[in-house]
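>>> Provided below are the primary sequence and the corresponding predicted coordinates.
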Amino acid sequence: MKNIFFMVTLFFWIFCSVSYGESAKEAFRGLKKLEARCQAGISYKDYGAALGDAKFEVNIFLESPEAKARPQLTDSIIRAMMHYENARHFWEYKFSGYSRNYPEILPYFVEEEVFRIYPEANKEYKDGGALMRMKEYDPESTKVHISCLLSFIWNEASKELKKAAELLAQK
């Protein structure tokens, strides 16, 4: 009986020590895979499934003891996931039929939300923001361009993943 208890305890100790840290690595790996797909030129049609795959790994991590034990890493992973989810939210406008004439332009009422979440996006694309000059409107006018915004958001997610990589490397 003592041997069985010892074996069961040993099994759980080995299992727990192997799985501890794996959920963070898997969440990070899932987000890095999504990052690579975005960098390679993912389509809107494929984005939802890729986002779901990453979200699955992130959710597993968030439910783990490791997430509670490593709050900085957890926050970084959550922020990276938030950026990817925001990209989906803003990208939906392009295909929503909101503007048939200018499908790449975010509606004016969404601009405020974009700049609240991403104040750094409120500059021209050539300067690292998400605004494009809209000669059709007014030569001096700028509008939030969806493709520029996606590039900006995905870049922000990549920055957050770099932070997560540094935190993941710390034991």
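Now that the structure is in, tell me what you want to look at. Numbers count the residues shown, from 1 in each chain.

>>> Pull up the per-residue confidence for Ile117.
Among the per-residue scores, Ile117 shows a pLDDT of 95.

>>> residues contacting the residue lying closest to Ser76 once chain neighbours are set aside?
Among residues not flanking Ser76 along the chain, Ala164 sits closest, at 4.1 Å (CB to CB, 6 or more residues apart in numbering). The C-beta positions use only the backbone N, C-alpha and C, and glycine is treated the same way. Residues near Ala164 by CB atoms under 8 Å, 6 or more residues apart in numbering: 28, 31, 73, 76-77, 80.

>>> can you check Trp154 too?
35, 38-39, 83-84, 87.

>>> Now the buried members of the residues you listed.
The neighbour count (16 or more other CB atoms under 10 Å) marks 35, 38, 83-84, 87 as buried among these.

>>> got those residues as TSV, with secondary structure, pLDDT and distance to Ala50 columns?
Shown next, in TSV, are the buried ones among the contacts of Trp154 (DSSP: H, G, I helix; E, B strand; the rest coil; pLDDT from 0 to 100; distance: CB to CB, whole Å):
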residue	secondary structure	pLDDT	distance to Ala50
Glu35	helix	98	10
Cys38	helix	97	8
His83	helix	98	14
Tyr84	helix	98	9
Ala87	helix	97	11
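
>>> Which strand or helix spans Arg79?
Assigned by DSSP states H and E, Arg79 belongs to helix 71-95.

>>> packing partners for that helix?
Under the contact criterion of 3 or more CB pairs under 8 Å, 6 or more residues apart in numbering; DSSP states H and E, helix 71-95 touches helix 22-40, helix 44-62, helix 65-69, helix 108-117, helix 146-169.

>>> between those helices, which gets nearest to Gly128?
Of all those, helix 146-169 sits nearest to Gly128, with 7.5 Å by CB to CB.

>>> if I've got this straight, Val144 is in a helix?
No - secondary structure of Val144 (DSSP: H, G, I helix; E, B strand; the rest coil): strand, not part of a helix.

>>> Once you drop chain neighbours, what's closest to it?
Using CB to CB, 6+ apart, the nearest residue to Val144 is Leu106, at 4.2 Å.

>>> Show me the shaky parts of the protein.
Along the chain, segments meeting pLDDT under 70 span 1-21, 136-139.

>>> can we see that at 90?
1-22, 93-109, 125-126, 128-129, 132-143, 171 (pLDDT under 90).

>>> picking up where we left off before, which one among the contacts of Ala164 gets closest to Ser99?
Distances from Ser99 to those, taken by CB to CB, are shortest for Ala80, at 29.7 Å.

>>> Show the contacting residues for that closest one.
Ala80 neighbours (CB under 8 Å, 6+ apart): 31, 157, 160-161, 164.
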